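>>> Need a 3D model of the sequence below.
(2 chains)
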Amino acid sequence: MIRHVIVLIVVAIGLHAVTVWYLPRLAMNTAMERMQSIGAQPNAIAHVPPTDETSRRVVRPSPDLLYSVCLLDLSDGPVRIHAADWGGYMSLSLFAANTDNVVAVNDEQIDGDIGLTVADGDGADVDLRSARGIAIIRRLVTNAQTLTRADTVRRQDDICERVQPS
Amino acid sequence: MGALIRWLSTFLLAGIVGIGSALWMTGWTPLAPVVGISAIEINHWTSDPAIGSESANPYIRAYIARRGLLGLRREEATYYLRNVDDSAQPLREDCAYVVEGVVPDSRWWSVTLYASDNYLAQNDDDAHSIDRTRAVIGSDGKWRATIQATDPADGSFWVSSRNAGNFDLILRLYNASDDVLETPQTALVTPDIVTLGCRAGDNQ
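Numbering: from 1, shown residues only, chains lettered A, B, ... in the order given. This is a model prediction of the structure:
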């Protein structure tokens, strides 16, 4: 009987720890699968439609922000992300597979466009410390005029692509 | 045979206890979670500086993954959650409220209404939030918005709670000042939420 109790406690604690560790990764995988279901591809920019009540891929989206995303797959090397300056608030943020926001850069910290390279390890501006993740470009759009302008700029000049070996 | 059943029962029970407790503690079940974003509490608004951070403990990270995935680290944005009015009663679609506050010391701010499923309320009123670019500052230095299920049509800024059920609000502060980040209890005055009334027959 004692052996059963000891095994029960040890296994329960182990499963508890593994579950707590895994849940953020599950959430990220689910979000990435939902984005892929609307056409997002690894290491390619995808422009999310303006946020409204039908936006149900990631919890708590802001209706005041216009999102562009890149699903990062760094298993074959670094990826370059380029967020085009549009004259309003903009940030480029990188999220690791465990949901950590490893870096966030906004338009007041960089003059002009924001560009970063990211890798799983050394050899790029940012070490994501995971092979998969998500890059998000946020732009503040609170009226039709800013939405049109931001949408035009992002479709013309935002980039997410593998860095070709030199 | 009896020993095999005992061991199987042991592992089954261990799985239920281990996984179930993890889901419960981190807010992945309908039950009230053990953890939450409550490290900072100001006037019923709660936040946690660990949101988005690599220093977040595993429980906070799992909790945020469920209820605020892809939240930014605090240097870029901070998030305050509130789900009760000034009388500590849950925010409900059946009631009307005024949310009012002073302009926080940040580059941009917004207050957004979310239904209990953590998404925008499923209505097409196009009135999910108020933000710095649209808020009108009164002579007393405060901005105001009416939260209710129907357009008040009285000239006030409207945030729609239609189809929201029990809801909560997120206060977003983008590029908040160092004072707001380091000493929010003294540097940040969070908005009040005054209940105007509830539909007849509904208990407040």
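>>> tell me, which helix in chain A spans the most residues?
Longest helix in chain A by number of residues (criterion: DSSP state H): helix A:2-37.
>>> Minimum distance to chain A, which residue of chain B gives it?
Nearest to chain A, among the residues of chain B, is residue B:18, at 3.1 Å (Cβ to the nearest Cβ). Glycine gets a C-beta too; all of them are placed from N, C-alpha and C.
>>> list the contacts for residue 139?
With no chain named, the answer covers chain A. By Cβ atoms under 8 Å, 6 or more residues apart in numbering or on different chains, residue A:139 lies in contact with A:65-66, A:68, A:86, A:88-90, A:150, A:154.
>>> And for whichever helix or strand comes after the longest helix of chain A, what's in contact with it?
The helix or strand immediately downstream of helix A:2-37 is strand A:45-47, counting by DSSP states H and E. By Cβ under 8 Å, 6+ apart, the residues outside strand A:45-47 that reach it are A:35, A:38-40, A:68-71, A:81, A:151, A:154-155, A:158-160.
>>> which of these lies closest to chain B?
Taking Cβ to the nearest Cβ as the measure, chain B lies nearest residue A:69 of these, at 9.1 Å.
>>> mind listing what that closest one touches?
When contacts are counted by Cβ under 8 Å, 6+ apart, residue A:69 touches A:35, A:40, A:45-46, A:48, A:134-137.
>>> pLDDT below threshold where in chain A?
For chain A, no stretch has pLDDT under 70.
>>> re the thing from before, what angle separates the helix or strand harbouring the residue of chain B closest to chain A from helix A:2-37?
Assigned by DSSP H and E, residue B:18 belongs to helix B:2-25. Counting by axes from the mean of the first three to the mean of the last three Cα atoms, to 10 degrees, helix B:2-25 lies at 50 degrees to helix A:2-37.
>>> Now the contacts of residue A:139 in a markdown table, please, with extra columns for distance to residue B:7, secondary structure and neighbour count.
Shown next, in a markdown table, are these (distance: Cβ to Cβ, whole Å; DSSP: H, G, I helix; E, B strand; the rest coil; neighbours: other Cβ atoms under 10 Å in any protein chain shown):
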| residue | distance to residue B:7 | secondary structure | neighbour count |
| --- | --- | --- | --- |
| A:65 | 53 | strand | 25 |
| A:66 | 56 | strand | 23 |
| A:68 | 52 | strand | 25 |
| A:86 | 63 | coil | 23 |
| A:88 | 63 | coil | 17 |
| A:89 | 59 | coil | 22 |
| A:90 | 58 | strand | 26 |
| A:150 | 60 | helix | 24 |
| A:154 | 58 | helix | 21 |
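>>> list the buried ones in the helix holding residue B:18?
Buried residues in helix B:2-25, counted by 16 or more other Cβ atoms under 10 Å in any protein chain shown: B:10, B:14, B:17-23, B:25.
>>> Show me the beta-bridge partners of the residue most central in space within chain A.
The centroid of chain A falls nearest to residue A:134 when counting by Cα atoms, centre = their mean (2.3 Å). Note on residue A:134: beta-bridge partners by DSSP bridges are residue A:71, residue A:95.
>>> wouldn't it be in contact with residue A:73 here?
No: with contact defined as Cβ atoms under 8 Å, residue A:134 does not reach residue A:73; the gap is 10.7 Å.
>>> re the thing from before, which helices and strands does the longest helix of chain A pack with?
Other elements packing on helix A:2-37 under the criterion 3 or more Cβ pairs under 8 Å, 6 or more residues apart in numbering or on different chains; DSSP states H and E are strand A:65-73, strand A:132-140, helix B:2-25, helix B:58-67.
>>> With distance to residue B:101 as extra columns, can I get the ones you listed in CSV?
CSV is the format used below for the helices and strands packed on helix A:2-37 (distance: least, Cβ to Cβ, whole Å):
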stretch, distance to residue B:101
strand A:65-73, 21
strand A:132-140, 19
helix B:2-25, 33
helix B:58-67, 23
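>>> what comes up buried for stretch A:68-83?
In stretch A:68-83, counting by 16+ other Cβ under 10 Å, buried: A:68-74, A:77-83.
>>> sorry, that was for stretch B:104-118
For stretch B:104-118, burial by neighbour count (16+ other Cβ under 10 Å) applies to B:104-115, B:118.
>>> just these that are near chain A?
Under the cut-off given by Cβ under 8 Å from any Cβ of the partner chain, chain A has B:107-108, B:110, B:112, B:114, B:118 from the buried residues of stretch B:104-118 close to it.
>>> Lowest pLDDT pick from these?
Comparing pLDDT over these, residue B:118 scores lowest. The value there is 92.
>>> Contact partners for the closest residue to that residue other than its chain neighbours?
Of all residues not flanking residue B:118 in the chain, residue A:59 sits nearest, at 4.0 Å (Cβ to Cβ, 6 or more residues apart in numbering or on different chains). Contact partners of residue A:59, counting by Cβ under 8 Å, 6+ apart, are B:66-69, B:118-119.
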